[in-house]
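Colleague: Pasting the sequence and the predicted coordinates here, then a few questions.
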Amino acid sequence: GWEIEDESQFEVAIAHLKGAGLTLTDVSPDECRAGFQQRTIRFQEPTTGLCLELFCHQLKRGASYKPTVAKIARLGHVVVSFEEWATALQFFKETMNFRVSDGLDGFIAFMRCFPNPYHHTFGCGNALPRGGSNGLNHINFMVTDMDDIGSAIYRMERLGVPVVFGPGRHPPSGSIFFYFLDPDGMTVEYSFGMEEFPEVGSRKPRILEARPDSLDFWGAKPADQFASTGAILDAAPQLIGAEL
C-alpha cells in the first residue's frame, strides 16, 4: 500500500482511479485500526488481481522505534513480476502516476512515486524472460549503516539462512545490497544508500543493457532460488468493505 501526501488528495485519488475503471473498496474502520492506518481504500491491479491500497495517515507510536539486530530505517520497495509486463507497466505509469527512474531492457522498470524521493519504491518486473509467472520478486528493507549489510551477511550464514545474491552494488540505484531467503522461501533484500530525485528537474531515465554487470558492479550473480517463491493469490477475499 501507499500513503497519500495529505487528506485533501484522497478524493482526488478516488475520482482518478474510478475514472480509470477500477472498482474501489472502502476498508472498515476496525480493519484500518488493526493495520494502524486511517482511511484506506483497496483495489486490484488489472492483469494479476494483485491487491493494492491507498491510505491516509499511519498511526504513530508514542515512543520511537528502537532497532534490535539490524538498524532498519524503512520498508524500501517491493518488486513484482508480471506476465503481461507491458500492460502492467502502463498501468503503474498512467493510472498510478509512478515515474520510471531507470530500466533494465526488457526485464524491469524501477519506479518512484512522489513525495518519496528514492530511486525506486516499486519495481515492475517482466516474469517471462526467466520463465516465471506473476508473483512477488522480492521485498526490500533499507538500513541506516553499511555495517548492517556486512554484519547481517555473517549473521545469516551463521544461522543457516540462505544468501541468494550479493553482497554487491546495484548500478541503477547505487545501493549496496544483499538478498536472503525468509523461512517461507521468499526473497528479502537489505540495502544501504540509494539515489534520490528532486520532484522537478530530475534526470531522464536510463535503459541499461540486459547483462550481469547491469545488476551488480561487483560481479555477483543471483542463485537459482532467488525470487523463486511468491505467487500472487486471489485478492477477492481481501476486498471486504463498502464499494465506492
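Modeller: Structure received.
Colleague: ok, for the residue sitting nearest the centre point of the chain, nearest residue in space, not its chain neighbours?
Modeller: Taking Cα atoms, centre = their mean as the criterion, Val78 is the residue nearest the geometric centre of the chain, at 1.8 Å. In space, and not counting its chain neighbours, Val78 is closest to Ile139: 5.1 Å by Cβ to Cβ, 6 or more residues apart in numbering. Any C-beta I mention is one placed from the backbone N, CA and C, and that applies to glycine too.
Colleague: Could you check how far that neighbour is from Gly219?
Modeller: Computed as Cβ to Cβ, to the nearest Å, the Ile139 to Gly219 distance reads 24 Å.
Colleague: Compare those two (neighbour count), which wins?
Modeller: Ile139 (17 against 9; other Cβ atoms under 10 Å).
Colleague: And the longest helix along the chain, what's buried?
Modeller: Ordering each helix of the chain by length in residues (DSSP state H) puts helix 146-158 first. Neighbour-count burial for helix 146-158, counted by 16 or more other Cβ atoms under 10 Å, picks out 148-149, 152-153, 156.
Colleague: What lies in contact with the helix or strand where Val12 lies?
Modeller: Assigned by DSSP states H and E, Val12 falls within helix 10-19. With Cβ atoms under 8 Å, 6 or more residues apart in numbering as the test, helix 10-19 has contacts from 4, 24, 39, 41, 43, 54, 56, 95, 244.
Colleague: quick one: the third one and Cys32 touch, right?
Modeller: By that I understand Arg39. Yes: at 6.6 Å, Arg39 and Cys32 qualify as touching, with contact defined as Cβ atoms under 8 Å.
Colleague: Who has more neighbours out of the two?
Modeller: Cys32 (19 against 15).
Colleague: Let me see the domain layout of this structure.
Modeller: 2-62, 72-214 (automatic domain parsing).
Colleague: To Asp234, which of those lies closest?
Modeller: domain 2-62 (6.4 Å; Cβ to Cβ).
Colleague: Would you confirm that Phe114 contacts Glu199?
Modeller: Yes: here Phe114 lies in contact with Glu199, judged by Cβ under 8 Å, at a distance of 5.3 Å.
Colleague: which of those two has more neighbours?
Modeller: Taking neighbours as other Cβ under 10 Å, Phe114 and Glu199 compare with Phe114 leading, 15 against 9.
Colleague: Quick one: the buried residues of helix 146-158 as TSV, columns for distance to Val12 too.
Modeller: Below are the buried residues of helix 146-158 laid out as TSV (distance: Cβ to Cβ, whole Å):
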residue	distance to Val12
Asp148	38
Ile149	39
Ala152	40
Ile153	44
Met156	43
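Colleague: Those residues into JSON lines, with extra columns for distance to Pro129 and pLDDT?
Modeller: Shown next, in JSON lines, are those (distance: Cβ to Cβ, whole Å; pLDDT from 0 to 100):
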{"residue": "Asp148", "distance to Pro129": "32", "pLDDT": "95"}
{"residue": "Ile149", "distance to Pro129": "28", "pLDDT": "96"}
{"residue": "Ala152", "distance to Pro129": "29", "pLDDT": "96"}
{"residue": "Ile153", "distance to Pro129": "28", "pLDDT": "96"}
{"residue": "Met156", "distance to Pro129": "28", "pLDDT": "96"}
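Colleague: Just flag the most distant two among these.
Modeller: Using Cβ to Cβ, the buried residues of helix 146-158 reach their maximum pairwise distance at Asp148 and Met156, which is 11.9 Å.
Colleague: Buried residues, stretch 83-91. List them.
Modeller: Quick answer for stretch 83-91 (16+ other Cβ under 10 Å): 84-85, 88-89, 91.
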